[in-house]
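[1] Okay, predicted coordinates and the sequence, questions at the end:
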Amino acid sequence: GAGVSQTPSNKVTEKGKYVELRCDPISGHTALYWYRQSLGQGPEFLIYFQGTGAADDSGLPNDRFFAVRPEGSVSTLKIQRTERGDSAVYLCASSLGGRASGANVLTFGAGSRLTVL
Amino acid sequence: AQSVTQLDSQVPVFEEAPVELRCNYSSSVSVYLFWYVQYPNQGLQLLLKYLSGSTLVKGINGFEAEFNKSQTSFHLRKPSVHISDTAEYFCAVSMEYGNKLVFGAGTILRVKS
């Protein structure tokens, strides 16, 4: 697509529920990233995919968070047993990937705002 | 590991005045540097980037930034701001050829008429 698309744009859920957030990257971008932005803070890295595999998941806060990208395109961020502290905007970005200069310039989606009541 | 410090959380400025948003980074290896802008209720938009070459980089909307390796800084400047520049600005760093951006906490630019 023309840009990075994220759905839903807003999600309100109750504490303890399961949530899925979807990201559709720019066509042809092999690298995909998830970030979390809490109120008043800069985006915080969660996980990075190169193709289908998670190349770096060091930012996932705990085992309630999981992400997949089974066909190397669309990715889903999954949060189990949500807590109020999970409330944030979850940002997805994609890039061309590889090692050429500029290949890792990230293009961001508009984000999914998650509110856990 | 890389880190980014944006020294000012908010910068108020009058319309048509010049502005500088400060950014300092920490890294033991060569880096790429970026500035992103976030308008209210929107995603991050790339303003400009330094990958290599000239240390003065020009971006969209009349912004520019200068990479200063000795001072580990990448300050953002605009000679004359508009009301429409009101937004939050984020400085970010990655390792050269790296795949993970580390962001600063952001600076809110408030342009007043």
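    That came through, no problem. Numbering: from 1, shown residues only, chains lettered A, B, ... in the order given.
[2] Please name the nearest non-neighbouring residue to the closest residue to chain A within chain B.
    Taking C-beta to the nearest C-beta, chain A has its nearest neighbour within chain B at B:Phe103, 3.6 Å off. No exception for glycine: its C-beta is placed from N, CA and C like everyone else's. Nearest-residue entry for B:Phe103: A:Gly42, 3.6 Å, with adjacent residues in sequence omitted and distances by C-beta to C-beta, 6 or more residues apart in numbering or on different chains.
[3] Can you tell me which residues in chain A are near chain B?
    A:4, A:31, A:33, A:35, A:40-45, A:48, A:50, A:55-56, A:91, A:93, A:95, A:97, A:99, A:101-102, A:104-111 (C-beta under 8 Å from any C-beta of the partner chain).
[4] Mark which of these are buried, thanks.
    Neighbour-count burial (16 or more other C-beta atoms under 10 Å in any protein chain shown) is assigned, among these, to A:4, A:31, A:33, A:35, A:42-45, A:48, A:50, A:56, A:91, A:93, A:95, A:97, A:104-111.
[5] returning to what we had before: so who does the residue nearest to B:Phe103 touch?
    For A:Gly42, the contact set (C-beta atoms under 8 Å, 6 or more residues apart in numbering or on different chains) comprises B:Val4, B:Gln6, B:Phe90, B:Ala92, B:Phe103, B:Gly104, B:Ala105, B:Gly106.
[6] Mind checking which of the residues you listed land in strands?
    Under the assignment DSSP state E, the contacts of A:Gly42 contribute B:Val4, B:Phe90, B:Ala92, B:Phe103 to strands.
[7] which residues touch residue 89?
    Just going to use chain A. By C-beta under 8 Å, 6+ apart, the neighbours of A:Val89 are A:Arg36, A:Gln37, A:Ser38, A:Gly111, A:Ser112, A:Arg113, A:Leu114.
[8] You answered for a different chain; I wanted chain B.
    B:Tyr89 neighbours (C-beta under 8 Å, 6+ apart): B:Leu21, B:Trp35, B:Tyr36, B:Val37, B:Gln38, B:Leu47, B:Leu76, B:Gly106, B:Thr107, B:Ile108, B:Leu109.
[9] any idea which element the most centrally placed residue in chain B lies in?
    Among the residues of chain B, the one closest to the centroid is B:Trp35, at 3.6 Å (C-alpha atoms, centre = their mean). For B:Trp35, the host element (DSSP states H and E) is strand B:31-38.
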